[in-house]
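> Sequence below, structure please.
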Amino acid sequence: MAHLQGLQCAVGKLHPAVINPHCWFRHDALRSTRQRCVSAAAGFDGGMDSERASNRQMQELKERAKQHLAQIIADQAAAGSGSSNGYGSSMGIVNNQQLKTKLEQAVRALQTGLVERDTEVRLLLLAAMCREHILMIGPPGTAKSEIGRRLSQLIQGTYFERLLTRFSVPEELFGPLSMRALEEDKYIRQTRGYLPEAQVAFIDEIFKANSAILNTLLTILNERLFDNGSQRVKVPLVTLVGASNELPESEELDALYDRFLIRKEVKQVTVGGLTQMLDYYAGNSYDEESYGPSSSNDGGSRTGEMQIDPAARLTLDDFQQTRTAALQAVRVPQHVIQLLADLRGYLQEKVEPPVYVSDRRLVKAVALMQVAAFCDGRDMVTEYDCLLLEHILWQRPEHAPKIADWLLSHLAVDDGMKQVRYLLQGLFARACRALGSAAEPLETILGEVQQLRRLLAAKLGQISTNLEGGFPVVRDNLWLGHDEGQAIAAALVPKLQKTQAAVEQLLFEAATLEVALEANSNAVTLANLMPKFWADFIRNSPMEEVKPIGTTPLRI
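Residues are numbered from 1 along each chain as shown. Have a look, this model is predicted:
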């Protein structure tokens, strides 16, 4: 027993390999495994450090992007603080303040004593500035003829007025035939005091004109020419105000109907405005400064000669030259043209029954918006000038609200922002490719990103000015009445707030890309900073360009 115990002690002191030769291999394997674990642990720690450094870099870039965005917004606010018109930095100013002052005074003078006729007065004045004609449709006694008379007093021009019936003859409009000329076998009319020599005309029940009158009337309205005997003479007509209690029923009147570019349904005064009107004509509120006291047979109208400062009175030259000057000075951006084309498509394809809009009417509508912008002191038509189309493109009065609703639904939805997003996605894709292959200098891409960022900043400043300033782009528009402008602004503000959020998000993404390019970041950082753009880039790139982030193609 003692012998066995001694043997166990001896064996216990021996190396394990003596007991089992295979232990040499197990010991080497264990040692190698330990070494690999140590190396792996060191590599893991290094990877963690690299990931932490990458995360810190991304957090720094995100913070710099936020600071950059805050600085952009602050700079834009400071730059826009001196201008509160809400049109943006791309809008130029036309130096015609004297003309605008005259128009503002003319609007006030024409409105004196009229209740709820603000829009009609402004449209009449705009028609005259464009040398176009206006049609007023409504029941008798709604001040249609009174507005026309006031315009003639305003410009101190020759005025002609006539009420047509189905039995009216050409002599009532164009003058009687000259008896002396007939003796000489000449067919000449005595036009003095008649339509061919008038500067402002008002024709009531104009759709009662018969075929004997129509052809001559159409030539005067469209070409401003009158055939008198063998001679074709120019007529000095600035504008003709047509009035009717009903729409034309005969197809032969369609051409005459289309000659009136501006159309306005005139309704009775509402209950809210009735007391104001009665107070005025009862003498309870009478403005002696704009009108001198006198009487008229037009429903008891208390109108007289308008008292206007001669230095601020519109002249015939103003009416004759403004259109030409506006067409030369005012540009029409592409998005306004597209809006007009889309509106015509809506009217002719989506409205039942379709609303026909002639090519001539569209061309004249563009010219009218140019004149409207010019008179308002701008060198560019804006989408808000398209609000005037409510009074231009309809065929029946019930179409006007549909046009207004369509315009309001599209004005605050800026399709241009979709194009900007596509452009930003393209710049992101170019940056990723340039970082991977250096096929394009990053400086070029960075310059385009900065240009896009400035465009978005200007757009955001314009929107902010409109929202914070009570929508001055609509409120201060010369051709929109006070109540009309307030209603439009109230309808547009909620839509514009959504557009503001979308523009601000795009601006932040542009600022993020700008900061990343300035820091010379890699594609991995770009992918983590702008994951949605990276997903779009992967989804839309050719298959041969798609690879995991941070890898290189396998070379065989």
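> who does residue 380 bridge with?
Each beta-bridge partner of residue 380 is listed here: residue 331, as defined by DSSP bridges.
> what's the spacing between it and residue 109?
Here residue 380 is placed at a distance of 29 Å from residue 109 (CB to CB, to the nearest Å). In short, each C-beta sits where N, CA and C put it, glycine included.
> what does residue 249 give?
Where residue 109 is concerned, residue 249 sits at a distance of 37 Å (CB to CB).
> Between the two, which is the more surrounded one?
The residue with more neighbours, out of residue 249 and residue 109 and counting by other CB atoms under 10 Å, is residue 109; that gives 22 against 7.
> where's the more buried one, which helix or strand?
Counting by DSSP states H and E, the element that carries residue 109 is helix 97-111.
> The stretch 201-350 of the chain: strands as residue ranges?
In the stretch 201-350 of the chain, strands defined by DSSP state E, counting those that start in this stretch lie at 225-228, 231-234, 239-244, 262-265, listed in chain order.
> what are the ranges of the helices in the stretch 201-350 of the chain?
Defined through DSSP state H, counting those that start in this stretch, the helices belonging to the stretch 201-350 of the chain, from first to last, are 211-223, 254-258, 271-281, 316-329, 334-349.
> Which among these is found nearest to residue 182?
Closest approach to residue 182 among those (CB to CB): helix 211-223, 18.1 Å.
> Can you list the buried residues in the closest one?
Under the neighbour-count criterion of 16 or more other CB atoms under 10 Å, helix 211-223 has 213, 216-217, 220-221 buried.
> who's in contact with residue 383?
Residue 383 makes contacts with 335-336, 339, 411, as judged by CB atoms under 8 Å, 6 or more residues apart in numbering.
> In contact with the spatially closest residue to residue 212 that is not a sequence neighbour, which residues are there?
Nearest in space to residue 212, with sequence neighbours left out and distances taken as CB to CB, 6 or more residues apart in numbering, is residue 170 at 5.5 Å. With contacts taken as CB under 8 Å, 6+ apart, residue 170 has the following neighbours: 212-213, 216.
> again with residue 238
When contacts are counted by CB under 8 Å, 6+ apart, residue 238 touches 128, 131, 155, 157, 199-200, 316, 319-320.
> Run through the stretch 301-450 of the chain and note the low-pLDDT ranges.
In the prediction, the stretch 301-450 of the chain carries residues with pLDDT under 70 at positions 301-308, 311-312, 412-416, 436, 438-439.
> Next SSE downstream of the helix or strand containing residue 492?
Following DSSP H and E, the helix or strand that holds residue 492 is helix 482-518. The helix or strand immediately downstream of helix 482-518 is helix 523-529, counting by DSSP H and E.
> how about that following helix: buried residues?
Within helix 523-529, the residues that qualify as buried by neighbour count (16+ other CB under 10 Å) are 523, 525-529.
> Can you tell me which of those residues is nearest residue 53?
Proximity to residue 53 was ranked across these by CB to CB; first place goes to residue 525, at 11.2 Å.
> Isn't the closest one up against residue 516?
Yes - here residue 525 reaches residue 516: they are 6.4 Å apart, a contact under CB atoms under 8 Å.
> which residues do those two both contact?
When contacts are counted by CB under 8 Å, 6+ apart, residue 525 and residue 516 are jointly contacted by residue 61.
> Residue 446: which of the contacts of residue 238 is nearest?
Minimum separation from residue 446 among the contacts of residue 238 (CB to CB) is found for residue 131, which lies at 50.7 Å.
> Would you mind listing the residues in contact with residue 257?
135, 207, 247-248.
> Which member of those is positioned nearest residue 509?
Comparing every one of the contacts of residue 257 with residue 509 (CB to CB), the shortest separation belongs to residue 135, at 49.7 Å.
> what would the contacts of residue 238 look like in JSON lines with neighbour count?
Putting the contacts of residue 238 into JSON lines (neighbours: other CB atoms under 10 Å) gives the following:
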{"residue": "128", "neighbour count": "25"}
{"residue": "131", "neighbour count": "18"}
{"residue": "155", "neighbour count": "20"}
{"residue": "157", "neighbour count": "18"}
{"residue": "199", "neighbour count": "20"}
{"residue": "200", "neighbour count": "26"}
{"residue": "316", "neighbour count": "13"}
{"residue": "319", "neighbour count": "20"}
{"residue": "320", "neighbour count": "13"}
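> picking that back up, can I get the buried residues of helix 523-529 in CSV with pLDDT and distance to residue 343?
CSV is the format used below for these (pLDDT from 0 to 100; distance: CB to CB, whole Å):
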residue, pLDDT, distance to residue 343
523, 81, 44
525, 84, 45
526, 85, 41
527, 86, 42
528, 87, 44
529, 87, 40
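> Closest to residue 99 out of the residues you listed?
residue 529 (51.9 Å).
> Now do that closest one against residue 419, distance only.
Noted for residue 529: a distance of 23 Å to residue 419, by CB to CB.
> Residue 125 too?
Distance from residue 125 to residue 419, counting by CB to CB: 37 Å.
> So between those two, which is more surrounded?
In this view residue 125 and residue 419 are compared by other CB under 10 Å, and residue 125 has more residues nearby, 24 against 11.
> Give me the three-state assignment for that one.
helix (DSSP: H, G, I helix; E, B strand; the rest coil).
> Nice, that's everything, thank you.
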